[in-house]
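1. okay, sequence plus prediction incoming.
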Amino acid sequence: MAICLGIGANILLGASSLYWRELSDVSPQTLVAYRIILSLVLLSLIVYLKEGLYEIRKTKIEALASQCIASLLVAANWTAFIWASVNGYILESGFGYLLAPLVSIAIGVFCYRETLRKTQVLSIIIALCSSALLILYSDELNHWTYIVIATTWGAYTCFKKTTPLNAINGLFIETAFLSTCLIFIIMIYDWTPAWPNELSTQSSFIIWLAGAVSIVPLIMFSSATRKIPLSMMGFFQFVLPTTQLTVALLFYKQSISTNSLILFVATIGALALLLLYELIISLIRPERLTK
């Protein structure tokens, strides 16, 4: 079940760009605002029904601060992802999510003094080389898109790994904090998101799904990370970029050079092979120790 949750979460996250494309007549800032508000309403209902307020009240200040920082990172990630979905930069967002786990590894090394395995070092080298080649030789790609997405999602994953809260309570605190920030932004900058009746007929109808589209994959993702070993969870990092590559080519018809496409696919393949090698080695070593 946990494996299905992990795979399903990444597929839904990748395919959700099609939903945001249908709201292309709405500004990304307004979409993020609706995403925050509707997510909070839905999460409040879930927390109330599951009686999670008691657990939230027991949360320590350090954990609350960690969730608030995570909420800012996921808000930045949402904004970049929605902007990319509306403007057709799907391949870039897919590459960003492919690089995100390597950002998490780098944060672990510099912030938590974790040691790197040889395969992790090689993975980082491959990712850096791929990024450098794309920046140098791929003029058709928006490079800032995957840089921002990779950085924010990689850092967000690190914070989610350290929180003692379950998936729903953690997301509730995140969206509650973002809603508070949104209220201050509206008051300070005198900015108001467009009301549903000010949108087109199609957008005014489907925008109410923004909350469910946002939190369902995140709940599935958070639940899977708690139940699945990291060695297996690593394989799911390829589901999202592969889904986005499929969406970019089949639905968006995104223009991409042959060299960029080959480099993108080769990067996915190389990182997947390294992860597979590491998994096989981890399975063989216990067998040797038992002999």
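-> Nice, thanks for sending it over.
2. roughly how far apart are G96 and S260?
-> 14 Å (C-beta to C-beta, to the nearest Å). (Glycine included, C-beta is placed from N, CA and C.)
3. run through the neighbouring helices and strands of the strand or helix carrying L133.
-> Per DSSP states H and E: L133 is located in helix 118-137. With contacts taken as 3 or more C-beta pairs under 8 Å, 6 or more residues apart in numbering; DSSP states H and E, helix 118-137 sits against helix 90-112, helix 143-162, helix 258-290.
4. got the CA positions of it in CSV?
-> Provided in CSV are the C-alpha atoms of helix 118-137 (Å, rounded to 0.1, in the frame of the first residue of the first chain):
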residue,chain,number,x,y,z
LYS,A,118,30.6,6.8,-3.6
THR,A,119,27.3,6.4,-5.5
GLN,A,120,26.0,9.6,-4.0
VAL,A,121,29.1,11.5,-5.0
LEU,A,122,28.8,10.2,-8.5
SER,A,123,25.1,11.1,-8.6
ILE,A,124,25.9,14.7,-7.6
ILE,A,125,28.6,14.9,-10.3
ILE,A,126,26.2,13.6,-13.0
ALA,A,127,23.5,16.1,-11.9
LEU,A,128,26.0,19.0,-11.9
CYS,A,129,27.4,18.1,-15.3
SER,A,130,23.9,17.7,-16.7
SER,A,131,22.8,21.1,-15.4
ALA,A,132,25.9,22.7,-16.7
LEU,A,133,25.4,21.2,-20.2
LEU,A,134,21.8,22.3,-20.2
ILE,A,135,22.7,25.8,-19.3
LEU,A,136,25.4,26.0,-21.9
TYR,A,137,23.7,24.3,-24.8
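5. distance from that helix to the middle of the chain?
-> 20 Å (C-alpha atoms, centre = their mean, to the nearest Å).
6. model confidence over it, on average?
-> Here helix 118-137 scores 81 as its mean pLDDT.
7. so it versus helix 258-290, what angle?
-> 180 degrees (axes from the mean of the first three to the mean of the last three C-alpha atoms, to 10 degrees).
8. what comes into contact with helix 118-137?
-> The contact list for helix 118-137, computed with C-beta atoms under 8 Å, 6 or more residues apart in numbering, reads 95, 98-99, 102, 105-106, 116, 141, 143, 146-147, 259-260, 263-264, 266-267, 270-271, 274-275, 277-278.
9. run the last query once more with 6 Å
-> L99, L102, I105, H143, L263, T267, A270, L271, L274, E278 (C-beta atoms under 6 Å, 6 or more residues apart in numbering).
10. gap between W195 and I37?
-> Separation of W195 from I37 (C-beta to C-beta): 12 Å.
11. of those two, who's got more company?
-> Taking other C-beta atoms under 10 Å, W195 and I37 do not tie; I37 has more neighbours (18 against 9).
12. contacting residues around the helix or strand containing that one?
-> For I37, the enclosing helix or strand under DSSP H and E is helix 28-49. Under the contact criterion C-beta under 6 Å, 6+ apart, helix 28-49 has outside partners 23, 78-79, 82-83, 168, 171-172, 175, 178-179, 182, 193-194, 207, 210-211, 214-215.
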